[in-house]
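Novice: here's a sequence, model it:
(chains A, B and C)
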Amino acid sequence: MGSKYPPSMRGCLPLWTLLLVVAFIVIFFFFTSYDTSSQDPKELTDTYRVLQDVTIMMALGFGFINSSLRRYGWSSMAFNLFLLALTVQWAVLLNGFLEQLSPQKVVIKLSSIKLATMSAMSVLISAGAVLGKANLVQLVLMALVEVTAFGVMRMIQAKYFVKDDHVNMMHIHVFAAYFGLMVAWSFRRPLHGRMMEKYQTEKRSSLFGMLGTLFLWIFWPSFNSALLPNERKNAMFNTYYALAVSTVTAISVSSLAHPQGKINMHHIHNAVLAGGVAVGTSCYLIRSPWLAMVLGLVAGLISTGGALSLTFPHLAVGF
Amino acid sequence: MGSKYPPSMRGCLPLWTLLLVVAFIVIFFFFTSYDTSSQDPKELTDTYRVLQDVTIMMALGFGFINSSLRRYGWSSMAFNLFLLALTVQWAVLLNGFLEQLSPQKVVIKLSSIKLATMSAMSVLISAGAVLGKANLVQLVLMALVEVTAFGVMRMIQAKYFVKDDHVNMMHIHVFAAYFGLMVAWSFRRPLHGRMMEKYQTEKRSSLFGMLGTLFLWIFWPSFNSALLPNERKNAMFNTYYALAVSTVTAISVSSLAHPQGKINMHHIHNAVLAGGVAVGTSCYLIRSPWLAMVLGLVAGLISTGGALSLTFPHLAVGF
Amino acid sequence: MGSKYPPSMRGCLPLWTLLLVVAFIVIFFFFTSYDTSSQDPKELTDTYRVLQDVTIMMALGFGFINSSLRRYGWSSMAFNLFLLALTVQWAVLLNGFLEQLSPQKVVIKLSSIKLATMSAMSVLISAGAVLGKANLVQLVLMALVEVTAFGVMRMIQAKYFVKDDHVNMMHIHVFAAYFGLMVAWSFRRPLHGRMMEKYQTEKRSSLFGMLGTLFLWIFWPSFNSALLPNERKNAMFNTYYALAVSTVTAISVSSLAHPQGKINMHHIHNAVLAGGVAVGTSCYLIRSPWLAMVLGLVAGLISTGGALSLTFPHLAVGF
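Specialist: You can find the predicted model right below:
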């Protein structure tokens, strides 16, 4: 990728990321400290479990969903892990600075890393849209800009509009989708035969894509309830029901649309998750299962319908 | 699959499942409500973790174990997820109605979804036996009938014989095996060359099959202790030991039976789990590890021996 | 493998492992009992979760990392599970005897199984070095000797040097590396063309290798904090940061070293984990993130540099 760069410059690109690593270490040296207050061990364990669930979604879920494109299996997984590891470091710093709005020492808690990992999702979704078009340094730039923009957006929202962490985070799907499309637009090139072939999916790879989808599917209730202090039960319930219904709907519609009744795996990779996204913002407010189920049904119909009419199904990955 | 249907009818099949989705929503609208009592957050977290473990077993474990057949890699995974999502919705309703034996509103708790997910296992086991013979609607019918039959059986047992939820659930392996064989029998067709080829396993797929096996292996102690209120420790211990011994036994016997000492992957997919099934019912009663180990040894010997003599090893998947 | 044995002897090899299974059952019958004291259910759940995390690392992580060699995909996974199941049984007995230094009944707790699973890691690391050179019985012998040596070493350390369980366990990486190299040395054979080909990695397999890497990456903070009673928070923090930095470093250096800027998957499989190993011993003592990040940077540089200059990258798997 990035074949327009001369060899000498190509070689330099990763040097910039190494420099960034050193820069981060220096910033952490001057501006951060660990949380030394004694914490309830039970609460610590709880936060750690949720953090792990979210990390599984980011590393395994998005890693394998993006790997199902024909030519980018391996490198997309490596880039995904790379972006995750880098973004979490930056997001911890950024969220810390934005919260106190002053260059004091940022106190790092386990919940800071949880929040940073959730913010990293925006980068991983957008990365799916520019895969195979951007090189390592372009991806790094995109990651830093995107997570900064998302952080600033969340801060402004929290300050002037909604004070709710959960609601602000749930805008991540829309934000990441538009950001990714914008970046993909700026990288647009004429699509010729060789390019098209890049977006085809190998049959074998689809099992890996399914692996990623299932990890996202299983841990989505954790994601939707991660930032809720009290109403976690309802958030879990509603996410479960919305996911169940959107899965059944997506698979049925996909089978319905195929002349031999076969299920198109592209539709499934996206659409089974549509229910979880649809109830994201409101999941803790919904008081009965049928409403979550209706949202799941609508989300499944729209997202499978959208996938059927989209020429480039990979753009829809993750939202 | 189902190539005997005319194209027009084929197209209609998934419409029935969409109708079912809508019907479920209507039933949930009239007959269910969420549990609004305040619950101990620690207990909620515990139940949620066990529910996740069980979901991992069903979605990833059974999904990938069934995917190791040559021609059904992709669709078996999609069907598995489809059946899981559908069955959980129906089982929550059914278990609620059967418990109160009246058409009052069913109160949905997180433990209801846990129980429903565990009941869905019967469908996923049986689906392994009819894979590639049944179409989407036949699978849906099978799922609804099977989970209803299992629920009624459990209710009758609980009412007239054993009052223990755990024991009743552990009959699921035997129930699902016979039910699956029965359904497979009713779908029987003469096996010609093309059919036989469908049951062959690709080497590459076996790594996916192993992935499924390992997920089941790792979370089996969660499954065997999920419905126990107090004796969970012993259930975990005994399941661990039985699984460890049946694994060593199965791999040794498989290697022993092969002229070049190679390990047959079919045997392993089934037999490493045999120990967990063997101690299922009694796992909380066994008071010393050696007894669980003996059960694991016997289970490993029988199940590998059985797999060696079976012509269609896929039938033994899951029990 | 082991093609020098006559067919008759080959057939007998697995019989020895079956005999070992029976021997273990007899030893467990006479010398062990379950812990019958009532335990805090919260503590039990905690221990069970950590045990599961460690089991996922051993079964899935090491299983799939070793499976990425061309010819040993399937059998390496089976051997990995086999060695894990066998070693845990032996390590529980051994640790029990070594702790009380008398042939009394060993009381088995859930934490005994956790410790035994962690000790089994030494065997799984070393097995990566002799894969494809040793047969089943040689692997069993290696496992029994190695886990015994490691247990004795830990006991001597605990008695005469450091009393800290955590520190003693963290020497496992160094111990397993040298033990594995020693065993590999004793199995050395001239490398001819066919042998070399065995060490090549298929592209497809690398996604499985990545799956293993990611499971290790995600659960490494659990491993590094598993034996700490109080300072678990800092151990988790530091492991996260060290892993994040070593990942970014390893991927950058790997891309820097390749003429077309491509990422070599061998480097990643090893090097992303280097940070976690580097902070292993000291993770609970480090008081600020920058120090963990520096350790991660150094570890990433050394391990990727090492992998670049190593002819047989598979030897570096796991340490």
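
Novice: what's the first-to-last distance across stretch A:261-280?
Specialist: Terminal residues of stretch A:261-280 lie 31 Å apart, using Cα to Cα, to the nearest Å.

Novice: so who does whichever residue of the stretch 1-150 of chain A sits closest to chain B touch?
Specialist: In the stretch 1-150 of chain A, the residue found nearest to chain B is A:Asp46; the distance is 6.1 Å by Cβ to the nearest Cβ. All C-beta spots, glycine's among them, are computed from the backbone N, C-alpha and C. Going by Cβ atoms under 8 Å, 6 or more residues apart in numbering or on different chains, A:Asp46 touches B:Thr45.

Novice: tell me which element it falls in.
Specialist: Assigned by DSSP states H and E, A:Asp46 belongs to helix A:41-56.

Novice: what about the next helix or strand after that helix, distance to the chain center?
Specialist: Toward the C-terminus, helix A:41-56 is succeeded by helix A:63-66 as the next helix or strand (DSSP H and E). In this view, helix A:63-66 has its centroid 11 Å away from the chain centroid, taken as Cα atoms, centre = their mean, to the nearest Å.

Novice: hmm, whatever helix or strand comes next after helix A:63-66 in reach of chain B?
Specialist: Reading on from helix A:63-66 to the C-terminus, the next helix or strand found by DSSP H and E is helix A:73-100. No. If you take Cβ under 8 Å from any Cβ of the partner chain as the test, helix A:73-100 misses chain B, and the best it gets is 13.6 Å.

Novice: any buried residues in helix A:73-100, and which?
Specialist: Under the neighbour-count criterion of 16 or more other Cβ atoms under 10 Å in any protein chain shown, helix A:73-100 has A:73-98 buried.

Novice: ok, A:Ala292 - contacts?
Specialist: With Cβ under 8 Å, 6+ apart, A:Ala292 has these contacts: A:237-239, A:241-242, A:245, A:275, A:279, A:283, A:286.

Novice: which among these are in contact with chain B?
Specialist: Answer for the contacts of A:Ala292 near chain B (Cβ under 8 Å from any Cβ): A:237, A:241, A:245.

Novice: can I get those in CSV with neighbour count and distance to chain C?
Specialist: Below are the ones next to chain B among the contacts of A:Ala292 laid out as CSV (neighbours: other Cβ atoms under 10 Å in any protein chain shown; distance: Cβ to the nearest Cβ, whole Å):
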residue, neighbour count, distance to chain C
A:Phe237, 27, 22
A:Tyr241, 34, 26
A:Val245, 32, 29
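
Novice: how far away is the residue in the stretch 201-319 of chain A that chain C sits nearest to from B:Ala278?
Specialist: Proximity of the stretch 201-319 of chain A to chain C (Cβ to the nearest Cβ) peaks at A:Phe208, 5.7 Å away. Per Cβ to Cβ, to the nearest Å, A:Phe208 is found 33 Å from B:Ala278.

Novice: looking at these two, which is more packed in?
Specialist: B:Ala278 (27 against 24; other Cβ atoms under 10 Å in any protein chain shown).

Novice: was I right to think that one contacts B:Thr249?
Specialist: No. Judged on Cβ atoms under 8 Å, B:Ala278 makes no contact with B:Thr249 at a distance of 11.3 Å.

Novice: what's the overlap in contacts for the two?
Specialist: Common neighbours of B:Ala278 and B:Thr249 (Cβ under 8 Å, 6+ apart) are B:Gly296.

Novice: narrow the contacts of A:Ala292 to those in helices?
Specialist: Counted as lying in helices by DSSP state H, out of those, are A:237-239, A:241-242, A:245, A:275.

Novice: including pLDDT, could these go into JSON lines?
Specialist: Below are the ones in helices among the contacts of A:Ala292 laid out as JSON lines (pLDDT from 0 to 100):
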{"residue": "A:Phe237", "pLDDT": "86"}
{"residue": "A:Asn238", "pLDDT": "88"}
{"residue": "A:Thr239", "pLDDT": "90"}
{"residue": "A:Tyr241", "pLDDT": "88"}
{"residue": "A:Ala242", "pLDDT": "90"}
{"residue": "A:Val245", "pLDDT": "89"}
{"residue": "A:Gly275", "pLDDT": "87"}
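
Novice: tell me the spacing between the residue most central in space within chain A and A:Phe175.
Specialist: Centroid check for chain A by Cα atoms, centre = their mean gives A:Met121 as the closest residue, at 2.8 Å. When distance is defined by Cβ to Cβ, A:Met121 is 10 Å away from A:Phe175.

Novice: ok so, going back, what's the pLDDT at the residue of the stretch 1-150 of chain A closest to chain B?
Specialist: Looking at A:Asp46, its pLDDT is 85.

Novice: which of the buried residues of helix A:73-100 come close to chain C?
Specialist: With Cβ under 8 Å from any Cβ as the criterion, those include A:73-75, A:77-78, A:81-82, A:85-86, A:88-89 near chain C.

Novice: assign A:Val107 to helix, strand or coil.
Specialist: strand (DSSP: H, G, I helix; E, B strand; the rest coil).

Novice: what residues are up against it?
Specialist: A:32-35, A:96.

Novice: whichever of those residues end up buried, select them in PyMOL.
Specialist: Only the buried entries of these go into this PyMOL selection, using 16+ other Cβ under 10 Å:
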select buried, chain A and resi 32+34+96
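
Novice: hmm, which of the contacts of A:Val107 is lowest in pLDDT?
Specialist: Within the contacts of A:Val107, lowest confidence goes to A:Asp35 (76).

Novice: any idea how far that residue lies from A:Leu256?
Specialist: For A:Asp35, the distance to A:Leu256 - Cβ to Cβ - is 53 Å.

Novice: now the strands for the stretch 151-300 of chain A?
Specialist: Ranges of strands within the stretch 151-300 of chain A: none, based on DSSP state E, counting those that start in this stretch.

Novice: run through it and note the low-pLDDT ranges.
Specialist: A:188-205, A:266-267 (pLDDT under 70).

Novice: hang on, A:Ser33 is in a strand, isn't it?
Specialist: Yes. A:Ser33 sits within a strand when classified using three-state DSSP.

Novice: list the residues that contact the residue lying closest to it once chain neighbours are set aside.
Specialist: Leaving aside its chain neighbours, A:Ser33 sits nearest to A:Lys105 (5.1 Å; criterion: Cβ to Cβ, 6 or more residues apart in numbering or on different chains). Counting by Cβ under 8 Å, 6+ apart, A:Lys105 touches A:31-33.

Novice: any idea which of those residues is closest to C:Ser111?
Specialist: A:Ser33 (32.5 Å; Cβ to Cβ).

Novice: doesn't A:Ser112 make contact with that closest one?
Specialist: No. Contact criterion Cβ under 8 Å: A:Ser33 and A:Ser112 do not qualify, at 11.8 Å.

Novice: isn't A:Leu295 up against A:Gly280?
Specialist: No. A:Leu295 is not in contact with A:Gly280 according to Cβ under 8 Å; the separation is 9.9 Å.

Novice: helices of chain A, start to end?
Specialist: A:7-31, A:41-56, A:63-66, A:73-100, A:110-130, A:136-160, A:165-170, A:172-186, A:193-199, A:203-225, A:232-257, A:265-271, A:274-278, A:289-309.

Novice: redo those as a markdown table? Include distance to C:Ala158.
Specialist: Conversion of the helices of chain A to a markdown table gives the following (distance: least, Cβ to Cβ, whole Å):
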| stretch | distance to C:Ala158 |
| --- | --- |
| helix A:7-31 | 35 |
| helix A:41-56 | 25 |
| helix A:63-66 | 40 |
| helix A:73-100 | 35 |
| helix A:110-130 | 30 |
| helix A:136-160 | 45 |
| helix A:165-170 | 45 |
| helix A:172-186 | 48 |
| helix A:193-199 | 56 |
| helix A:203-225 | 38 |
| helix A:232-257 | 42 |
| helix A:265-271 | 50 |
| helix A:274-278 | 48 |
| helix A:289-309 | 54 |
